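# Give me a 3D structure for the following:
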Amino acid sequence: MLARSACGRSSVLALALCAASPAYAAIDLVGATDATFVWQPAPGPVAGYVVYQVCEADAGTRETNVDTNQVTLSPQACTSFSVQVAAFAAGGATQPGPISEPSELVRFLPVAPPPDPPPTGDPIADGGDAVLPP
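Down below sits the predicted model:
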């Protein structure tokens, strides 16, 4: 249901790249306060979806119920997680259908501090040696 990395596609190039890398790549969201995830709708009549936010640090899971095929998640539950989705069939089903494979790892990262400004001033006046041409 969720979009997968190139590793999930069946192209020779993707298979070659995936052989030397983890099964899923990480999605780094630098400075973001939330992220919206969208997936292909389940076939047939659907009453809604349950979204599982699986935290990397402790494998704890936060569940969110939504009516549409998208959800907005924040790093409040955890800053590094994968997402899985299951649909509820229309007609009052109490258990969701099959759960999707995990998404790529999503990481909310802080914004890097700005670099130090370059030094200013005259190097000779600051005690540097003057270089004169021969």
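# So for the residue nearest the centre of the chain, what's the pLDDT?
The centre of the chain sits closest to residue 106, judged by Cα atoms, centre = their mean, with a distance of 2.5 Å. pLDDT for residue 106: 95.
# Could you do residue 47 as well?
pLDDT, residue 47: 90.
# Equivalent analysis for the one 3 residues further on, please.
For residue 50, the model assigns a pLDDT of 94.
# contacting residues around it?
Contacts here follow Cβ atoms under 8 Å, 6 or more residues apart in numbering; on that basis residue 50 touches 63, 64, 65, 85, 86, 88, 96. (C-beta placed from N, C-alpha, C; glycine too.)
# And it, how far from residue 110?
Residue 50 sits 30 Å away from residue 110, going by Cβ to Cβ, to the nearest Å.
# which of the contacts of residue 50 lies closest to residue 115?
Within these, the smallest distance to residue 115 is 38.1 Å, found for residue 64 (Cβ to Cβ).
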